[in-house]
Every structure is written in C-alpha cells, then in structure tokens.
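Novice: sequence and predicted structure are below.
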Amino acid sequence: MSFCQSLLLNKFLEWVREDEPFGDITSEALISPNLSSEAVVMAKSEGVASCTQLLAPVLRSLGVQVEVLVKDGERFGYGDKVMLLRGNIQLILSIERTLLNLLMYLFGVATTTRKLVETVKKVNPKVRVAATRKYPPGMGCLVKRAVRDGGGDTHRFSLSDAYLIKDNHLRVVGSVSEAVRRALRLKSFIQKIEVEVTNPLQAIEAAEAGADIIMFDNMKPNEIQEAINLLKEKKLRDKVMLEVSGGITPENIVEYAKLDIDVISSSYITMRPERVDLSLEVLR
C-alpha cells in the first residue's frame, strides 16, 4: 500500500466512525452478522472515474473484495457498473454512504476537469488547465489525483512545493522585486518562483526581478492582454510562464484561453464540481 493509500485508509476509517459512532443499528438489527453478498456501485449519471484504483486496496484492507470495473480517467455512462464489492454485507452497508460521498465528489472533480480541458484545447492547445489548493482539508492527495485523472494539471500539492508570492506576502515585504529577491536567495535549483500580480506594472516588475511564473489574479482579459503586450515589448514574455487565475468559470474560460498564456487555474474545479450521482445496490 502506497503512502497516499495509507493516509486514505486512516481518513476513510475516521469518516466511517463519524458516520456510525455506535454501529449501523439498522443493518445490525435486520441482517445476520455472518451473511456475505455482492453489491455494485452504479452510475446514475455520466462522467469520468477517479480514485477507484486508489480506493480498492483500502477497501480490501477492511475485508471487502473489490473489482474495479471503470478505471481512473475512463468515462462511464448512466447505468454503468463502476465497482463490484463482495464480502460481509453488514460491513459493505456500513461503509456505503462514506464510499459514495467520496466517489461522487472525486468523480465530479475529474468530470469537471475533463470538460474544461477539452473546452480550452479546442481554442488554445498549448494551455494547461490547473486546479488550485482550495479543497476540503485532508483531501489534497485525492483531489489532486482526481484533477490528474480528468486530464488537468495538479499545480502545487502543498506550500513546500514552490514559491508562490501572494498579495499578503507583498503587503508585508513591500514590493514585488524585494519579495522575488528574498526567494531567489533561498530557492533550490529545482524550485520555481511564482508571483501573483494584479496589474501590468507588477507583471513587468516580477519578470525583471527573475520570477519564473507570473499569475494574473482576478484580472480581466483586456488587462492581461495589456500586460502581455508590455512583456513582449520588453522582450520578457519568453522568459516567464503566464498563468491566469481568479473567477474562472466554464462560461468565461474561453475568453482567457484565447490569450497568449500558458496556464489557466481555477478553484471552480474543486469547489463547484459537476454533480455525479452514484448508488450502491446489493445484487444478492
């Protein structure tokens, strides 16, 4: 079992305990404790699967036999069987809601990511669609996996991955150039420095100071275009990656994809994912 799966096992047990602090009294009253059966996770809408292969060993460690019928990153349709579960039926029913809630959210993230990626690629094939770190606490490993399964870029996994100089940092330090200078002094050769900017002049300052990535935060397409034009005039455009973030939705993402940028990141993917409906049905 991988490190991520070990973390998931602990989380999954925690969530199940929260759902049944004193047991599943209905199943315990109605069903023999020694009865084994089969159940299937059914799709009640279409979408993209995620984390089924990551979850399978976790469920097996609890005593449930698992057959993954739709692999991570694969599409499924209404009525498709996603996972087949075999084992003690009391156990399976006790984890039913936790399992479905988890999969529905993760499938939603993967499905939303896939749709945004496909939309952007039609307009600008070079642009990556990335997630952000806005997701429920403790879900980072799973959410990032779901984004990847949907074909998106995971962005930072944690605060330790790369330098991302944001507005609050700048308020404390005082200027973009000074913030970049301090980060350059400490960064490893393998790490990147990204600066969040809100106007064209900050973008120029960040590029001239030596930032690797410029994030246009909550800026309108015409404002970003102005910044790009300035970067090109000063022959700085090819020295930095350009990321657009803030307020990106399916309704406006095409406007940003038309720009000469490299990345579009959006919290919409993880905070407002498309609803994917699943159910668990006992087969016998």
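Specialist: Structure's in. What do you need?

Novice: can you show me the helices along the chain?
Specialist: 3-19, 25-30, 52-61, 89-123, 140-149, 167-173, 176-186, 200-209, 221-233, 253-257, 268-271 (DSSP state H).

Novice: can I get these in CSV including distance to residue 159 and mean pLDDT?
Specialist: (Each C-beta comes from the backbone N, C-alpha and C, glycine too.) Formatted as CSV, those follow (distance: least, C-beta to C-beta, whole Å; pLDDT from 0 to 100):
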stretch, distance to residue 159, mean pLDDT
helix 3-19, 17, 85
helix 25-30, 42, 92
helix 52-61, 23, 92
helix 89-123, 21, 97
helix 140-149, 11, 94
helix 167-173, 12, 95
helix 176-186, 13, 97
helix 200-209, 19, 97
helix 221-233, 26, 97
helix 253-257, 26, 97
helix 268-271, 17, 95
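
Novice: of these, which is nearest residue 279?
Specialist: Nearest of those to residue 279, taken as C-beta to C-beta: helix 89-123 at 7.1 Å.

Novice: what distance separates stretch 49-68 from the centre of its chain?
Specialist: 20 Å (C-alpha atoms, centre = their mean, to the nearest Å).

Novice: list the buried residues in it.
Specialist: 49-56, 58-59, 62, 64, 66, 68 (16 or more other C-beta atoms under 10 Å).

Novice: hmm, residue 274 and residue 115 touching each other?
Specialist: Yes - with contact defined as C-beta atoms under 8 Å, residue 115 counts as touching residue 274 (7.3 Å).

Novice: CA atoms of stretch 268-276 as CSV?
Specialist: Output in CSV follows, covering the C-alpha atoms of stretch 268-276 (Å, rounded to 0.1, in the frame of the first residue of the first chain):
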residue,chain,number,x,y,z
TYR,A,268,-14.3,26.1,-9.8
ILE,A,269,-12.9,22.5,-10.4
THR,A,270,-12.7,21.6,-6.8
MET,A,271,-15.2,24.0,-5.2
ARG,A,272,-18.1,23.7,-7.6
PRO,A,273,-17.6,20.3,-9.4
GLU,A,274,-20.3,18.9,-11.6
ARG,A,275,-22.7,16.6,-9.7
VAL,A,276,-22.1,13.0,-10.5
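
Novice: can you list contacts of that stretch?
Specialist: 43, 45, 47, 104-105, 107-109, 111-113, 115-116, 129, 131-132, 134-135, 143, 147, 150, 152, 248-250 (C-beta atoms under 8 Å, 6 or more residues apart in numbering).

Novice: before we move on, what about stretch 201-212?
Specialist: By C-beta under 8 Å, 6+ apart, stretch 201-212 touches 165, 175-177, 180-181, 184, 192-195, 197, 214, 216, 227, 230-231, 234, 236, 239-241.

Novice: rewinding a little: can you put the helices of the chain in JSON lines and add distance to residue 74?
Specialist: Formatted as JSON lines, those follow (distance: least, C-beta to C-beta, whole Å):
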{"stretch": "helix 3-19", "distance to residue 74": "20"}
{"stretch": "helix 25-30", "distance to residue 74": "31"}
{"stretch": "helix 52-61", "distance to residue 74": "9"}
{"stretch": "helix 89-123", "distance to residue 74": "10"}
{"stretch": "helix 140-149", "distance to residue 74": "9"}
{"stretch": "helix 167-173", "distance to residue 74": "40"}
{"stretch": "helix 176-186", "distance to residue 74": "40"}
{"stretch": "helix 200-209", "distance to residue 74": "40"}
{"stretch": "helix 221-233", "distance to residue 74": "34"}
{"stretch": "helix 253-257", "distance to residue 74": "24"}
{"stretch": "helix 268-271", "distance to residue 74": "19"}
